[in-house]
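A.B. asks: Fold the following and give me the result.
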Amino acid sequence: MKLYALLNIFLCFSGTLCAQVINDAATIEFGSKNLSLDQPLLISVVLRDAETRPAVIFPEIKDLEKRSKSATSSISTVDGKKVVIQTITQEYYAVKPGNYLIPEFTMIINGVKLRSEETMAVFSQGAIAAETNAEPAGNSILEQDLGDNDRDIFLSVQTDKKDVYIRQGFALRISLYIAENAPVEMEFYRFNEQLQSILKKLRPVNCWEENVGIEEIVKRRVTIRKRKYTEYNMYQARLFPITSEDIVFPSITLNMLVTDNNGAVNVDRKVVRAFMSRPTKISVRQLPDHPLRDQVAVGQYSLKENLSSKLVYPGESIRYMFKVEGVGNIAAIPDPVTQASSSFDIYPPEKSQVIKRSYQGVIGEKTFDYFVVPRKDGTFALARYFQWIYFDSTKQKYDTLRSSRTLEVKGEDYRLANLSLSGSAGLYDNLESLDSSNESINYKQILKDATNAIVVILLITMIWVFRK
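C.D. replies: Model prediction:
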């Protein structure tokens with residue numbers, strides 16, 4: 001009887017623990033699995049309530065080639081609580097059409113094991129075939145690194161621009177290129193130590209860095225001057241200069257372990273050989289004269305907006321969403337300029353943002369959600385009250401995002417009609433009857449506390465059974 005009771009307690013205890021452990025804090029997600037050759041298979045790790053982005057190494061998949069990686073962070077506020085979602089995505093490309101089996105695999109993220117079931121991806125020819133030997137971005141820089149005579153092996157520090165405005169982003173990439181027919185065998189030597197030393201020397205102090213995140217060396221095939229190379233990409237990031245000083249990337253050295261076959265017969269000797277990059281320079285330009293020159297964002301942006309109601313009465317609150325989206329340093333986007341007025345009460349906005357970082361650029365959106373309370377009757381163009389000034393790096397001039405919405409505020413007659421139809425009240429109606437001490441119910445926390453209480457009770461019961 002005691003054994004039977006103990007077994008039941010153990011099963012209940014195990015089930016309760018499992019209920020606590022199983023959650024959706026981290027998941028593996030796939031993009032579309034029906035693709036053309038010019039499209040990548042996307043595999044993502046999604047982390048919820050993760051303030052920092054962990055190191056993520058995706059699996060090798062037979063006959064598929066790893067290429068670019070991107071990292072997206074989403075920060076928003078829900079019921080007064082900050083919610084952060086991190087998404088790390090790896091691209092896989094196929095060389096030829098066909099059905100590709102993605103075997104079952106596991107990944108360990110922040111000490112948690114994630115498992116993905118076996119699945120199938122189908123790549124078709126499509127309208128545009130993928131060019132696996134395509135010229136890499138910044139190919140002219142690679143040709144300079146290559147020199148007058150084609151070299152079998154060379155180290156390159158690449159940037160996609162040589163001239164930028166202050167706060168305008170540019171790409172930085174460190175890669176080793178080895179010709180496919182190079183008569184040499186080599187391997188990386190103390191790579192992590194070397195990479196940290198290289199980055200310490202290379203990272204400019206006057207730049208904001210948006211690191212894509214590379215936890216492994218990524219290979220891809222490229223063609224330079226009609227010769228095939230394998231690129232070993234070691235680091236990539238987007239940098240945004242925050243001062244007008246020019247940026248100089250000095251020459252760096254990477255040591256590789258090379259097999260020397262020139263010694264005794266049938267004896268391979270490994271020696272350390274150094275490869276050096278060429279120094280490169282980025283010219284940084286100051287923005288043209290403007291009262292807000294030192295504050296505005298730089299990039300290409302557009303506006304999306306939403307007004308909860310176009311027709312209200314004085315004292316009725318409305319929500320106005322001002323969303324800036326585009327290409328640039330999204331995290332550093334300043335708040336819109338709001339014009340003080342006797343016609344409105346405009347409260348500080350709730351902010352949320354989504355940022356996707358990749359070698360190609362930093363894109364995303366930043367949302368400003370305002371509560372607005374009109375004070376008097378009238379028709380008001382919101383462009384007078386909300387605007388956002390930035391410098392367009394493509395057009396090389398300042399531009400302003402202005403609201404296109406119009407708000408109509410009507411008086412007592414409209415208010416009475418509105419109340420009779422909807423029964424709704426204004427922001428200040430029945431204020432004396434509201435109890436600000438009431439808190440919202442957190443059902444998730446209640447469930448967690450109840451589960452913990454059950455665990456404690458089961459432990460006490462188990463101890464009592466043993467003592468009997």
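A.B. asks: Which positions in stretch 38-53 come out as buried?
C.D. replies: Residues of stretch 38-53 classed as buried: 39, 40, 41, 42, 43, 44, 45, 46, 47, 50, 53 (neighbour count, 16 or more other Cβ atoms under 10 Å). Every C-beta, even on glycine, is put in place using the N, C-alpha and C of the backbone.
A.B. asks: would you turn those residues into a markdown table with distance to residue 387, secondary structure and pLDDT?
C.D. replies: What follows is the buried residues of stretch 38-53, written out as a markdown table (distance: Cβ to Cβ, whole Å; DSSP: H, G, I helix; E, B strand; the rest coil; pLDDT from 0 to 100):
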| residue | distance to residue 387 | secondary structure | pLDDT |
| --- | --- | --- | --- |
| 39 | 39 | coil | 90 |
| 40 | 39 | coil | 91 |
| 41 | 43 | strand | 93 |
| 42 | 37 | strand | 94 |
| 43 | 41 | strand | 92 |
| 44 | 36 | strand | 92 |
| 45 | 39 | strand | 91 |
| 46 | 35 | strand | 91 |
| 47 | 36 | strand | 89 |
| 50 | 35 | coil | 77 |
| 53 | 34 | coil | 80 |
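A.B. asks: Name the pair among those residues with the greatest separation in space.
C.D. replies: Using Cβ to Cβ, the two most remote members of the buried residues of stretch 38-53 are 39 and 50, lying 28.1 Å apart.
A.B. asks: what sits against the closest residue to residue 394 other than its chain neighbours?
C.D. replies: Distance criterion Cβ to Cβ, 6 or more residues apart in numbering; nearest residue to residue 394, sequence neighbours excluded, is residue 300 at 5.6 Å. Shown in contact with residue 300 (Cβ atoms under 8 Å, 6 or more residues apart in numbering): 326, 327, 328, 392, 393, 394.
A.B. asks: Just the ones of these in strands?
C.D. replies: 326, 327, 328, 392 (DSSP state E).
A.B. asks: closest to residue 34 among those residues?
C.D. replies: For the ones in strands among the contacts of residue 300, the residue nearest residue 34 by Cβ to Cβ is residue 327; the value is 28.9 Å.
A.B. asks: so that closest one touches residue 299, yeah?
C.D. replies: Yes. The pair formed by residue 327 and residue 299 meets the contact definition of Cβ atoms under 8 Å, at 5.1 Å.
A.B. asks: Give the residues shared as contacts by the two.
C.D. replies: residue 169.
A.B. asks: the more surrounded of these two?
C.D. replies: A direct count of neighbours by other Cβ atoms under 10 Å for residue 327 and residue 299 places residue 299 higher, at 24 against 17.
A.B. asks: which residues does that one contact?
C.D. replies: By Cβ under 8 Å, 6+ apart, the contact list for residue 299 reads 168, 169, 326, 327, 328, 329, 390, 392, 393.
A.B. asks: what's the answer for residue 464, then?
C.D. replies: The contact partners of residue 464, taken as Cβ under 8 Å, 6+ apart, number zero.
A.B. asks: what distance separates stretch 222-233 from the middle of the whole chain?
C.D. replies: Remark: stretch 222-233 is offset 28 Å from the chain centroid, using Cα atoms, centre = their mean, to the nearest Å.
A.B. asks: for it, which positions count as buried?
C.D. replies: Using 16+ other Cβ under 10 Å as the burial criterion, the residues of stretch 222-233 that qualify are 222, 223, 224, 229, 231, 232, 233.
A.B. asks: can you check stretch 397-414 too?
C.D. replies: In stretch 397-414, counting by 16+ other Cβ under 10 Å, buried: 398, 401, 402, 403, 405, 407, 409, 410, 414.
A.B. asks: to the chain's geometric centre, what's the distance from that stretch?
C.D. replies: Mean-position distance between stretch 397-414 and its chain equals 33 Å (Cα atoms, centre = their mean).
A.B. asks: Let me see the residues that make contact with stretch 52-66.
C.D. replies: With Cβ under 8 Å, 6+ apart as the criterion, stretch 52-66 contacts 41, 43, 45, 47, 71, 73, 86, 88, 90-95, 100-103, 105, 107, 109-110, 121, 132, 213, 215-216, 218-221.
A.B. asks: out of the residues you listed, which are buried?
C.D. replies: 41, 43, 45, 47, 71, 73, 86, 88, 90-94, 100, 102, 105, 107, 109, 121, 132, 213, 218, 220-221.
A.B. asks: tell me which element residue 364 is part of?
C.D. replies: Secondary structure from DSSP states H and E places residue 364 in strand 361-374.
A.B. asks: what's whichever helix or strand comes after that strand packed up against?
C.D. replies: Proceeding N to C from strand 361-374, the next assigned helix or strand is strand 378-381, under DSSP H and E. With contacts defined as 3 or more Cβ pairs under 8 Å, 6 or more residues apart in numbering; DSSP states H and E, the secondary structure elements packing on strand 378-381 are strand 406-409.
A.B. asks: Next one: the nearest residue to residue 337 once chain neighbours are set aside from residue 454, what distance?
C.D. replies: If you skip the residues right next to it in sequence, residue 337 has residue 387 as its closest partner in space, 5.5 Å away by Cβ to Cβ, 6+ apart. Distance from residue 387 to residue 454, counting by Cβ to Cβ, to the nearest Å: 56 Å.
A.B. asks: and if you look at residue 59?
C.D. replies: Look at residue 59 and residue 454: by Cβ to Cβ, they are 38 Å apart.
A.B. asks: State the pLDDT value of the closest residue in space to residue 298 that isn't next to it in sequence.
C.D. replies: Using Cβ to Cβ, 6+ apart and skipping residues adjacent in sequence, the residue nearest residue 298 is residue 167, 4.1 Å away. pLDDT for residue 167: 95.
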